[in-house]
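Undergrad: When you get a sec, could you give me coordinates for this:
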Amino acid sequence: MPEALQPPQHQDRQPGLESEMTPRPRSAMENWRAAGKLEGRTALISGGDSGIGRAVAIGFAKEGADVVILHKEEPQDAEDTRAHIEAAGRRCQVIAGDIGDAAFCRDAVARAVKFLGRIDILVNNAAEQHPCKDFAEIPEAQVERTFRTNILGMMWLTKAALPHMPKGGSIINTTSITAYQGSPELIDYASTKGAIVGFTRSLAKAIWQDRQIRVNAVAPGPIWTPLIPASFDEERTAQHGASVTMERAGQPDEVAPAFLFLAAEQDSSYFTGQVLHPNGGTVVNA
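TA: All right, here's what the predicted structure looks like:
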């Protein structure tokens, strides 16, 4: 068996807890040198409690943005993220709920707007995945659940947020390398991530002329987040990241700069309908 890249570990529930991972992911943007690129801006981030979402939320705060984070059932991780945001001198609100529920998305946006005043940046990051070795046996309820969280929730949240986003805003969606390479054990998950690419490119064209809001996506490769030990067995988790050129899993702090780039209009004003690929060296057909 190849040498383990991480200690074997597994968590019994999704989306998992960062506080129970060994080693802990690097998600606090500790080495980020801020330049005030989001000063006075506001952001709503789904799945902002841990992993990539946490790193993005903290990075936004360090760049000057006030942040609202949505999470499902991870109050301690969410409060840890809030503490980092407030330590950066920015305001943070935490809202718990299921983005697969359209009513929750509408309520969450209303609460975020009340707290922030408006939404300059929307990051659709929340997702779930459930491996299945035999597609003939995949539970129908699992497929529906994965689609409801990963793509329908993204649509509901975006639909609710758009009326509160001014010109010059930015929507950033988290897709995945699986949208481009496929995954034999994550067919429903990979399908949702492919749908996110189509949603990103289509929405970018649909709203630019009237709203001048840029819509882009980030497609991470294998990243060390709580979703990994919450999805796979100990052996698979220990080898997470071995397949890419760099032969290791990436860290949330290595992915968040792509979101920061797309959020800052002065850096990415000519980007819309695009996908960035922080994936450890894997070549994809974009």
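Undergrad: now the helices: where do they sit in the stretch 1-150 of the chain?
TA: 51-62, 75-87, 102-116, 140-147 (DSSP state H, counting those that start in this stretch).
Undergrad: What are the contacting residues of the shortest one?
TA: With contact meaning C-beta atoms under 8 Å, 6 or more residues apart in numbering, helix 140-147 is reached by 100, 128, 129, 130, 132, 188, 189, 191, 192, 195. C-betas here are computed from N, CA, C, even on glycine.
Undergrad: ok, residue 241 - how many residues close by?
TA: Neighbour count of residue 241, defined by other C-beta atoms under 10 Å: 18.
Undergrad: tell me which element it is part of?
TA: With secondary structure defined by DSSP states H and E, residue 241 is part of neither a helix nor a strand.
Undergrad: tell me the two of the contacts of helix 140-147 that are most distant?
TA: When the contacts of helix 140-147 are compared pair by pair using C-beta to C-beta, the farthest-apart members prove to be 100 and 132, with a separation of 18.9 Å.
Undergrad: Compare those two and say which is more crowded by neighbours.
TA: Shown here are residue 100 and residue 132; by other C-beta under 10 Å, residue 100 has more neighbours (21 against 17).
Undergrad: Check what pLDDT residue 119 gets.
TA: The confidence metric pLDDT takes the value 98 at residue 119.
Undergrad: Could you tell me how many residues sit around it?
TA: Under the criterion other C-beta under 10 Å, the count of neighbours that residue 119 has is 23.
Undergrad: same check, this time on residue 102
TA: 16.
Undergrad: From residue 153, how far out is it?
TA: When distances are taken as C-beta to C-beta, to the nearest Å, residue 102 and residue 153 turn out to be 8 Å apart.
Undergrad: What of residue 129?
TA: The separation that residue 129 has from residue 153, given C-beta to C-beta, amounts to 14 Å.
Undergrad: ok, now residue 44?
TA: 13 Å.
Undergrad: So between these two, which is more surrounded?
TA: Set side by side, residue 44 and residue 153 give different neighbour counts by other C-beta under 10 Å, the larger being at residue 44 (29 against 25).
Undergrad: so after the lengthiest helix in the chain, what's the next helix or strand?
TA: Identified as the longest helix of the chain according to DSSP state H is helix 187-211. For helix 187-211, the succeeding helix or strand toward the C-terminus, using DSSP H and E, is strand 214-218.
Undergrad: Remind me what that next one packs against, helices and strands.
TA: For strand 214-218, the packing partners by 3 or more C-beta pairs under 8 Å, 6 or more residues apart in numbering; DSSP states H and E come out as strand 170-174, helix 187-211, helix 252-263, helix 265-268, strand 275-276.
Undergrad: which outside residues touch the shortest one?
TA: Translated: strand 275-276. With contacts defined as C-beta under 8 Å, 6+ apart, strand 275-276 is touched by 175, 197, 200, 216, 217, 218, 219, 258, 261, 262, 286.
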